[in-house]
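Enquirer: here are the coordinates; sequence isn't available:
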Ligand SMILES: Nc1ncnc2c1ncn2[C@@H]1O[C@H](COP(=O)(O)OP(=O)(O)OP(=O)(O)O)[C@@H](O)[C@H]1O
């Protein structure tokens, strides 16, 4: 069965289904295959984490979903199916600047970026910035939108929201600004919230609180979430499912507990050993993943992890198949095809 069929057959109630997504960039130095054959399902009311080292293609995947990459220089192929009831729309067939995409992008799929300082406009009040999103996408009056902004600030844990709604970003701490970004992301009650490294720019001591809040709100708002992170410790707190990316491909996908307790792909195993996991490997030595990520212009032929893998499989120069190691848990590795040397 192909990876695409395996992912397509998953029983979950799908909200977004990515099929054979390829996002390549044409640059003067050559072609960058940033995303190179990704298949992924985001079920309804579920939080999916996309993890991997820097440069693996996580952000490019999310920007492809949001229609944020101009073509050219990007060249995007495959399908990104967004399900609305029984119908699905292939987002890649819509004009990224057209009304239909803008409607979906604002109302149904929203995105929170890494750095709240650059995402918030310093010259407008927090309230105005939340209201702007509400007014653009709903029929609410200004007064109603302000009430909704206050409600949202309260939901994301801002004390005295009625007073703080009229304050400016510089009057908020880094953690508070990130909470405001979450409020903006949820302002239109989206079905999918994409969060790109939402806690990277904030102090480590307050990260856990923000992640807990995101998980609570994801459940309360019955939204799905695609959380992008290079940190498996972060993912453990919020994700129901995890997709591990390496050099433009998803190499393992499964329930968060399966990924943590029975990782299959050598890259996932290495990631788990290299990253401190909250409350689990405190005090232990962390291992560094050997070698470096290959140059994106020179991706190895066949198994992309071969240059860093301890298992030198005989078939490593051929593309590994996607294997379902148990229902819903898949990995792209020759080891599970009896190719262990
Ligand atoms: N506009 C672009 N033009 C050319 N190459 C690009 C462009 N955007 C991204 N890339 C390349 O695509 C690859 C994947 O980048 P991407 O930003 O998706 O990685 P990432 O996994 O999100 O990493 P990080 O955690 O550092 O954000 C990288 O090699 C990057 O240099």
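Expert: Arrived safely, thanks for sending. From a predicted model like this one, the values you see are computed outputs, not experimental measurements. Numbers count the residues shown, from 1 in each chain.
Enquirer: could you give the number of residues near residue 97?
Expert: 9 (other CB atoms under 10 Å). Any C-beta I mention is one placed from the backbone N, CA and C, and that applies to glycine too.
Enquirer: helix/strand/coil for it?
Expert: coil (DSSP: H, G, I helix; E, B strand; the rest coil).
Enquirer: and it, how far is that from residue 70?
Expert: 10 Å (CB to CB, to the nearest Å).
Enquirer: then residue 161?
Expert: 38 Å.
Enquirer: higher neighbour count, the two?
Expert: Between residue 161 and residue 70, counted using other CB under 10 Å, the more crowded position is residue 161 (19 against 9).
Enquirer: in which helix or strand would I find the residue nearest to the more buried one when sequence neighbours are not counted?
Expert: Distances taken as CB to CB, 6 or more residues apart in numbering put residue 153 closest to residue 161, at 3.7 Å, once the chain neighbours are dropped. Counting by DSSP states H and E, the element that carries residue 153 is helix 142-155.
Enquirer: ok, which residues in the protein are in contact with the ligand?
Expert: Within reach of the ligand by CB under 6 Å from any ligand atom, the chain has these residues: 25, 27, 32, 34, 52, 54-60, 230, 296.
Enquirer: switch the cut-off to 8 Å
Expert: Taking CB under 8 Å from any ligand atom as the contact definition, the chain meets the ligand at 25, 27, 32, 34-35, 52-63, 69, 73-74, 196-197, 228, 230, 245, 248, 296.
Enquirer: in helices only, show me those residues.
Expert: 58, 59, 60, 61, 62, 63 (DSSP state H).
Enquirer: what about the residue of the stretch 201-341 of the chain found nearest the ligand, neighbour count?
Expert: Closest contact between the stretch 201-341 of the chain and the ligand, by CB to the nearest ligand atom, is at residue 296 (3.9 Å). Burial of residue 296 is recorded as 20 neighbouring residues (other CB under 10 Å).
Enquirer: can you pull the contacts of it?
Expert: 32, 33, 34, 55, 247, 248 (CB atoms under 8 Å, 6 or more residues apart in numbering).
Enquirer: same check, this time on residue 18
Expert: 38, 39, 40, 41, 61, 65, 78, 79, 80, 81.
Enquirer: sec struct for the third one, please.
Expert: I take that to be residue 40. Going by three-state DSSP: residue 40 is strand.
Enquirer: from residue 254, how far off is it?
Expert: For residue 40 relative to residue 254 (CB to CB), the value is 12 Å.
Enquirer: again, but for the fourth one
Expert: Residue 41 is 12 Å from residue 254, where distance means CB to CB.
Enquirer: mind listing the helices in the protein by residue range?
Expert: Under DSSP H, the chain gives helices at 3-8, 58-66, 99-103, 116-119, 126-137, 142-155, 161-164, 174-186, 204-220, 232-238, 256-261, 266-274.
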